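Peer 1: model the following, please.
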Amino acid sequence: MLKISKELTARIEAHLEAAYPGEGAGFLLGVDGDVRDVLLMENAREEEARHNRFLLTPKDYLNAEMKAMESGVDLIGVFHSHPDCPNVPSEYDREWAQPFFSYIISRVDNGRVVSHRSWRLTEDRAGYDEEEIVTSKW
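Peer 2: The predicted structure follows:
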């Protein structure tokens with residue numbers, strides 16, 4: 001289960017809507033599935049591929065790890081959007097996934113976020129298990 005506040009969800013949504021028609025992305029910081037902060041990142045993928053791909057660079061991951069450490073939390077996942085298509089992990093998503101991370105994939109239709117789903121890579125890396133997202137007021 002992944003827990004996230006309405007405030008953080010709203011920040012993710014605004015970021016992903018601003019990135020449309022490209023994919024937007026960022027990091028989830030927290031403890032044991034409890035998201036405490038999000039880092040909104042620029043999609044480093046070349047412009048012509050951003051409509052269906054995102055890239056977070058090794059430097060982005062390092063910066064996220066440092067921010068988490070400074071905040072006393074962990075880097076627990078990644079969020080990104082799927083513009084105008086289902087928010088299920090693609091084969092590309094699976095190939096780049098990290099074990100033990102939560103992956104929120106948000107469907108953005110016509111520039112508006114319509115739904116969020118969260119996924120965790122299976123231990124054998126063959127696929128994903130969907131995890132429940134619980135949104136709270138805090």
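Peer 1: beta partners of Trp119?
Peer 2: Trp119 has the following beta-bridge partners by DSSP bridges: Tyr103, Glu130.
Peer 1: residue contacts, the most centrally placed residue in the chain?
Peer 2: Averaging the C-alpha coordinates of the chain gives a centre point, and the residue nearest to it by CA atoms, centre = their mean is Phe79 (0.5 Å). Contacts of Phe79 were listed using CB atoms under 8 Å, 6 or more residues apart in numbering, and they are 12, 16, 25-28, 38, 103-106. Any C-beta I mention is one placed from the backbone N, CA and C, and that applies to glycine too.
Peer 1: just list whatever residues bridge to it.
Peer 2: Judged by DSSP bridges, the bridge partners of Phe79 are Gly26, Ile104.
Peer 1: what's the burial count for the closest residue to Val113 other than its chain neighbours?
Peer 2: Nearest residue to Val113, sequence neighbours excluded (CB to CB, 6 or more residues apart in numbering): Glu13, at 4.4 Å. Counted with other CB atoms under 10 Å, the neighbours of Glu13 add up to 18.
Peer 1: by contact count, what packs against whatever helix or strand Glu13 lives in?
Peer 2: In this structure, Glu13 is located in helix 6-19 according to DSSP states H and E. Using 3 or more CB pairs under 8 Å, 6 or more residues apart in numbering; DSSP states H and E as the contact criterion, the neighbours of helix 6-19 among helices and strands are strand 25-31, strand 34-41, strand 74-83, strand 102-109, strand 112-121, strand 133-136.
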